[in-house]
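Trainee: Below is the sequence, then the predicted model.
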Amino acid sequence: MTEYPSKDFPKDTTYLSIRSTQITSISEEDLSSTPLLATLMLYSNQLQNLSSHLFRNVPHIRNLHLKENKISHLPANVFSHAPLLRDLSLEDNLIEKVEAEWFSNNSNLTSFDISGNRLTQIPAAFLQKLPHLDYLDFYNNRLEKISANSLDPLTKLRWLILDDNKLDTLNASTFQSTRNLTVLSLTRNKLNKLPQNLFQGLTKLTELRLDGNQLSHIPAGLLDPLESVEERGLNLMFNPWVCDGKVEYLWRWLQKNKEKVVGPDHMKCTSPPSLVGRLVMSLTERELNIQF
């Protein structure tokens, strides 16, 4: 199939899935044949672009999934004719930049997945257009930085996925307004240092994933706000922990909260030489040179 089969569907179609074809484009006229369309799934096709008026004839569209296409750019106002749009997936495309102009000022989007693209930044103006987001997924992009306060508009956000990016640090105020977060995932970045008050106010957090980073220490008090983290809800595996006096806070926290930690047998010392390979939780007060 190389063309969108617009004449093949009944007028009252509300759910449509077209997958694994050679379709490269879709027009406003194509969608006009199904004016009641609410869910459109276009996985694994060859779509390269969308027109700015694509959804003008399908005002009831609520779910749009464009996973695994060839989209590199979207025009201004592309989603402005979809006021009921709640769930949008642009996963595994070739997008290098997100733009605020994609959406109108009254966007009702609650779930946005743009994982597997080529983003290097998240403009604050873009997130300001999405105040109702509940789920946001930036997995497997090229993000190097999250600007301070850029997440502030997302006060309803509960899931934030930032795995497999290139983040090496986070501003202390990054999550100050996302106090409804329940899941925060930062797996396999390049984080080497975290601000002491980074998680302050995240009293609803049940899962926190920091595995596969470059953390050698964490500041005293960092994990104290995480009282709501569930059993095996905290992942700190595969970081290069340095087991000197600065690891005392982490060691004490693990002793008191070991049921909250997943994979403590993968939390090993990388230095000093005498403790290489030792589990952080297994260290003794004498080895940490703790004075009483």
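Mentor: Arrived safely, thanks for sending.

Trainee: Residue 202 contacts residue 226, doesn't it?
Mentor: Yes: contact criterion CB atoms under 8 Å: residue 202 and residue 226 qualify, at 7.2 Å. Just so you know, the C-beta spots here come from the backbone N, C-alpha and C atoms, and that holds for glycine as well.

Trainee: And residue 290, what's its pLDDT?
Mentor: Note for residue 290: predicted pLDDT of 63.

Trainee: Residue 138 too?
Mentor: As predicted, residue 138 sits at a pLDDT of 98.

Trainee: quick one, what contacts it?
Mentor: Each residue near residue 138 by CB atoms under 8 Å, 6 or more residues apart in numbering is listed here: 114-115, 119, 122, 161-162, 165.

Trainee: go with 10 Å
Mentor: Contacts for residue 138 (CB atoms under 10 Å, 6 or more residues apart in numbering) come out as 98, 112-117, 119, 122, 146, 160-165, 167, 185.

Trainee: Keep only those of those residues that are in helices.
Mentor: The members of these all map outside helices under DSSP state H.

Trainee: Let's see which of these end up in strands.
Mentor: Among the contacts of residue 138, DSSP state E puts 112-113, 160-161, 185 in strands.

Trainee: Quick one: the residues you listed as TSV, columns for pLDDT and distance to residue 83 too.
Mentor: TSV is the format used below for those (pLDDT from 0 to 100; distance: CB to CB, whole Å):
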residue	pLDDT	distance to residue 83
112	98	16
113	98	20
160	98	25
161	98	26
185	98	30
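
Trainee: who wins for most neighbours among those?
Mentor: Ranked by neighbour count (other CB atoms under 10 Å), the ones in strands among the contacts of residue 138 have residue 112 at the top, with 23 neighbours.

Trainee: my read: it touches residue 65, true?
Mentor: No: contact criterion CB atoms under 10 Å: residue 112 and residue 65 do not qualify, at 11.6 Å.

Trainee: intersection of neighbour lists for those two?
Mentor: Counting by CB under 10 Å, 6+ apart, the residues touching both residue 112 and residue 65 are 87-90.

Trainee: Spatially nearest residue to residue 264 (excluding sequence neighbours)?
Mentor: Closest residue to residue 264 apart from its sequence neighbours, by CB to CB, 6 or more residues apart in numbering: residue 281 at 5.1 Å.

Trainee: what residues are up against that neighbour?
Mentor: So residue 281 contacts 250-251, 254-255, 258, 261, 264-265, 267-268 (CB under 10 Å, 6+ apart).

Trainee: And for residue 136?
Mentor: 109-115, 122, 127, 130, 151, 154, 157-162, 178 are the contacts of residue 136 under CB under 10 Å, 6+ apart.
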